[in-house]
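Participant: Turn this into a structure:
(chains A and B)
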Amino acid sequence: MPAEIFNPNPVIFSAPKSAGRLSDLSAHSLWVNDPSLSEDDEADETEPIDQDEIYDLIRSIYDPEHPNTLEELRVVSAPQVTVGTNRITVEFTPTVPHCGMSTLIGLCIRVRLLRSLPERFKVDIFLKPGSHQSENAVNKQLNDKERVAAALENPTLLDTVEQCLANAGARGGHL
Amino acid sequence: MGQAEPLLVQQVLRRTDQSLKKGLEEILGTEAWTQLRGWSKLGWPQNNPIVVEISEDRGSLLTVVKALGYYLTSEDGDLLEKGVELLSLIVARVPQEKLNRQSARVLSGFFCGKLEDSATLKPALGGLVTLAQIPTLSPAEVGTIVDRHVKMKAIVQGVRFEVFSIIDSLMAFHRDVLKSMGKHFLDGYIGLAEGEKDPRNLMVAFAIARVILIEFDITLHVESMFNILFCYFPITFRPPPNDRYGISTEDLRLSLRRCLNATPSFGPLAIPVFLEKVSVGSRTTKKDTLQSLASCLPVYGPALARVSARKLWNALKLEIFQPVDPETEEEALKTMQILVKIIYADEEAAMESNDDIQGLARDACEECIQILKEPEKSQAKPAIKILCTFMSTTPSVSRYTISQAVPHLVRLFHDPDEISARAPTTFLLSELIASARDAMDKEPSLKVDPPLLPFKDEVIGVLTTGASLPATRTFALSGLKALVSTKGLLSDEELGFIVHNADQIIEKGADYGDSSEAILDLLVAVGARAPHHLAEQTLPLLFGYLPDKAPLRDAAAEREKCWLTLSTLRSLCLLPDLFENMVIRLITKLDLISFPYAAKPLALSDDPEPSAAYAHMILKTLAQCLATKVNKKHADVSKYIDRLVPSLFNIFVASAFISDEGEMIATDPRLIQVAGEIITLVVQSLSPQRQQAYSVGLGKALRSGDVADIASGFQKIASTRKLSLFEDTSSSAQKNILSLLTAAVIPLDKEVRLSLGDIDKFLDSLLTWVLEIADTDLQRISALRMIASILNKHVDELTSFLKNKLDVYWSERVSGRTLATIQRIWAIKSWTWITKGLLVRKHPLAMTFVERLYGIFDDESVGWEAAKAIGEIPSTDVVLTKANRAEVKILFVQKYAGSVLPEILAFAKDSSNPAKQTASLVALTSLIKSIPRAAYAHEMPSLIPLLLRGLDLPDAEIRGNVIDTFLAAAEGESPEKSLVSEHSVTLVNAMLRNSKVGDMTSTRVRTSALRYLGILPSIVRYDVLHPYKSTVLRELADVLDDPKRSVRKEAVDARTNWYDFTYGRNNEC
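Facilitator: Below is the predicted model of the structure:
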């Protein structure tokens, strides 16, 4: 980790209590049941990959600089994810405009999605417009296949990425 | 050989002195010596012949010494060693009273003399170890022993241990002599102990050092003692594998710590060491240092704490604001707390106003409040944590902290420029209030006013405002809860005001769902102190939200609200008065929903399902609330046999009668089930006498269908109207009522007599009814439960019933092929329940019933059902439980597994009858699911291949069970010793196959398979599993596109685990 700390005392946001998946609420059945009894096993409706699911995948990634998750620092949020048929766009907001970690954060998001989404999806990762002083350069770097692949060849970098992803399975909860 | 020796020795000792000498020479000269030494290592047997001779005064130590004479003076090192060793062994074994003052003196002199010679050093020390424990040793001898300076550096650790043991024993038996030796002894000991490295010796040395530090005058030796102890700090020793002394790092750490905190004179020297270690050490060192500091500071005293406060604060601050891990942070906070406590505790009486607080607490407080000016920043959290720990230091410090922090946070909250920071501000304030409360709870002996008292009004103002705003609501509510639960803080009026505010949030409605839990917590906290506020304010409001008619099918939001309201009621109304209030209201509501048109069936246009679902919610609320009350052993549950239970019967029986003419809501089996749960809970709580009284009406209802005694309520039921439960002409709705009656029967005590006439006949008729008349599963299961429960409690009167089952029922209904398959399946289920009733009480016939089932494993139509029954028989159920006063013996499942498992395994391995073999696999998977892991763990190696075959059976349920078994078995596995390692190829492939939606339709099986796949890397060695890594990753890429979200989640987790699976990673864990 570089010696320079870009933002020593970032703002921490309390995680908003998840209001539940919208589709879940409307589909809520007439009957209340203990969760143990719910037998929707054979119902064959498909549940398409949606915004919340993508957000769940990336919300608990650690910030490379702090022991906080991207969610707590509001680097990512559910509305910043858009899902199309075969295309996903993730926008993220660095905590300060000169944040040198932006590329690394973007790379972590990319690796996490690369490993967790079906290959049919094309994923675009962008900085929130106007949130960073070298926005274009970072965007370009993050969405360039070759450069991403090259970055992941670097064992030290890959190790840092793995460390940031260590908690990603928590999905907003605790591991 | 071993047998012969004692004899030899005995003979030797019996001879005259002359021959004794010769005899000893013989011992020392022969192989026997080697053997004697061997004994000495293991400890000589108490009845050792030489020792016996001496204890019984047939020989004396003197004779032994005389006899050994030549050996004890020989010039030959080898002989000398033998002689001294034998003597020391004998001395160790001889009873203490034989070692009189004189022999002790002679012997100690002798052994001390032999310390000079390297050959005799070891046995001589051994002798001294024994002598040091003799109380009769005179000071002079003690002095001689201590004066002998052994060159510790020249001897091995085992021998050094003897030296430490001698000092340890002297310390125990002759402490005063050692004390009187003063400097002389200390100098000697420090010389001995210096540079010791062996953990076993250190344990003794630390114990000795603690005594010295506490009891001896060490004024002149502080520095040298400090040097020989602090050189070990921090302990970094890691025990070698299979360490035979079993000394752990923690043992050493703790006993060293007991030295470090033994004397205040270490203080000035120790603080710099601690400060250095905490700042540069590793995680474990930091933790150790912080813990040591915490234990030492109180000993080192307030004066030193005050002097070093600033330095310590700076070091601790770093660990709190930039913690390496949460554990270290917590230790640092604890140390901080102790530091503050030490500094201020003894001045407590002098602290009159806040101005008297000077020094550390003031500085730290100011520093933290400076940071709290930006409450939204990440550093605010550690800052408030520090202030929170100040709450449990001294009353004056916590008063001071509150007086500084609370007004500051209140000001921030009201500052119009800081509106965006209100949420974190409220959070910080709530944390502080909660710690203030916890600190008071921890020390209930301190009769002081809550430190928050002077600021109560401002805080209530801020929190109620906060609670009314969505952004700050959750935090404000938890803050209010903390206020409410602080003892002696709020007046009754103020509690009422807080309830009023909470109610307002509920009233405004719209978005209270998000904070419903927090509101509930708050109201429950108020309920614990002043339930009348809830009864007066909250309950009427909540009941008002429950409509008399169910929300329509598409009104999901309203339905959600009903459930939310009911859930709130469920948690609030646990106290007797509130619960009674709720029961009355809800029963009325239930009646209104069930009979919307006053004793008429529903109109055709009505959609009954939403109403039934609403009624179900209400019943569920009552059932869950009752269950909680039963768990908490509330005494008022039993009175509801007169209120709630008759009303329920009234509603359901009336509905069953009316339903002959058309549809009724309260005939839905799901409602009947929940009502049954309620009835069971209430009947369980009755005394046997009360049950006996109740059972009269119950028996009448079962015998003749007359419910007049057990049903009463709003609906009029004509007294002539009788239920027809068992006739084949009666409606399904009426027959369903049996389920409610069963619910009342199963908790009856075995002393309670149900007047059913011939009980034998009654059960038989129920069995026939199950196969021939009952038309729903609810009816059949209820009948079987009743049979099992009655059989379990009254088996002694039912011998002929059981005999009849084995002789007739089995061949006619189960194994005979005359009945339709579906009837035979129910006959097997009946068999299962009968067996269950017997098995739980370990009845001798239980296994006979079980063994019958093996015989029809190969039946092509019901074989698998019989096989599954093997697993269902020992499975837990809600009927045969202690709560229902069933006769349940301990470990019946283990006994069952012990006899059934080997049989099933044998069938499964026997390939002569393929149909039976396959059914045995089914039986096996079903059995394993219902017995505890310990009951089959020892069979695991032979089970695994069978289970793998089970994975190929077409039945999804069986596959699911198999995978669950693997999952359960994985808990105790590690890469070093894994049972599944050799099967990993098969497992990986099978799991991959079962995880694809194309091959496996059941979601449950897919998720389980993926979960197991995800666990494999942590339980199988890398070198075994890594060849499949790329395959798994590739195949799982497809599973990531599964139609079900839950499956995708497992797939992502499994795939992540396989990505992380690299050499060396799984070996660390």
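Participant: Please make it C-alpha for all contacts and neighbour counts, starting now.
Facilitator: OK.
Participant: Quickly find the element holding B:Ile505.
Facilitator: Per DSSP states H and E, B:Ile505 falls inside helix B:492-508.
Participant: Revised request: answer the last question for B:Met847.
Facilitator: Using DSSP H and E, B:Met847 falls in helix B:846-854.
Participant: export that helix as PDB, just CAs?
Facilitator: Only the C-alpha atoms of helix B:846-854 are listed here, as PDB (Å, rounded to 0.1, in the frame of the first residue of the first chain):
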ATOM      1  CA  ALA B 846     -40.300 -51.100  19.000                       C
ATOM      2  CA  MET B 847     -37.500 -52.900  17.200                       C
ATOM      3  CA  THR B 848     -39.800 -55.800  16.200                       C
ATOM      4  CA  PHE B 849     -42.000 -53.200  14.500                       C
ATOM      5  CA  VAL B 850     -39.000 -51.700  12.800                       C
ATOM      6  CA  GLU B 851     -37.600 -55.000  11.600                       C
ATOM      7  CA  ARG B 852     -40.800 -55.900   9.900                       C
ATOM      8  CA  LEU B 853     -40.200 -53.000   7.500                       C
ATOM      9  CA  TYR B 854     -37.000 -54.500   6.200                       C
END
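Participant: who does that helix touch, helix- and strand-wise?
Facilitator: When contacts are defined as 3 or more Cα pairs under 8 Å, 6 or more residues apart in numbering or on different chains; DSSP states H and E, helix B:846-854 packs onto helix B:821-839, helix B:863-872.
Participant: if you set the cut-off to 10 Å instead, what comes out?
Facilitator: Judged by 3 or more Cα pairs under 10 Å, 6 or more residues apart in numbering or on different chains; DSSP states H and E, helix B:846-854 is in contact with helix B:821-839, helix B:863-872, helix B:892-909, helix B:914-930.
Participant: What's the mean pLDDT across the helix holding B:Ile505?
Facilitator: Helix B:492-508 shows a mean pLDDT of 89.
Participant: Could you confirm whether that helix reaches chain A?
Facilitator: No - against chain A, helix B:492-508 shows no contacts by Cα under 10 Å from any Cα of the partner chain, the least distance being 17.2 Å.
Participant: After that helix, which helix or strand is next?
Facilitator: Assigned by DSSP H and E, the successor of helix B:492-508 is helix B:516-529.
Participant: Can you name every helix or strand that that next one contacts?
Facilitator: The contact analysis (3+ Cα pairs under 10 Å, 6+ apart) places helix B:516-529 against helix B:473-484, helix B:492-508, helix B:531-533, helix B:556-572.
Participant: Name the stretch among those helices that sits most buried.
Facilitator: Each of the helices and strands packed on helix B:516-529 was scored by mean neighbour count; the highest is helix B:473-484, a mean of 26, by mean count of other Cα atoms under 10 Å in any protein chain shown.
Participant: between that helix and helix B:516-529, how big is the angle?
Facilitator: For helix B:473-484 against helix B:516-529, the angle by axes from the mean of the first three to the mean of the last three Cα atoms, to 10 degrees is 10 degrees.
Participant: Most proximal residue of the stretch 701-850 of chain B with respect to chain A?
Facilitator: Closest approach between the stretch 701-850 of chain B and chain A, counting by Cα to the nearest Cα: B:Leu778, at 16.3 Å.
Participant: Could you check how far that residue is from B:Val84?
Facilitator: With distances taken as Cα to Cα, to the nearest Å, B:Leu778 is found 88 Å from B:Val84.
Participant: before we move on, what about A:Arg115?
Facilitator: 75 Å.
Participant: more neighbours, those two?
Facilitator: More crowded of A:Arg115 and B:Val84, by other Cα atoms under 10 Å in any protein chain shown: B:Val84, with 27 against 18.
Participant: How is the more buried one classified with respect to secondary structure?
Facilitator: helix (DSSP: H, G, I helix; E, B strand; the rest coil).
Participant: Please apply the same query to the one 5 residues further on.
Facilitator: At B:Leu89, secondary structure determined by three-state DSSP is helix.
Participant: Looks like it contacts B:Lys122 (just checking).
Facilitator: No - using Cα atoms under 10 Å, B:Leu89 makes no contact with B:Lys122, being 11.7 Å away.
Participant: what's the nearest residue to the residue of chain B found nearest chain A if we skip its chain neighbours?
Facilitator: Residue nearest to chain A within chain B: B:Lys377 (4.1 Å; Cα to the nearest Cα). Once flanking residues are discounted, B:Lys377 sits nearest to A:Val11: 4.1 Å by Cα to Cα, 6 or more residues apart in numbering or on different chains.
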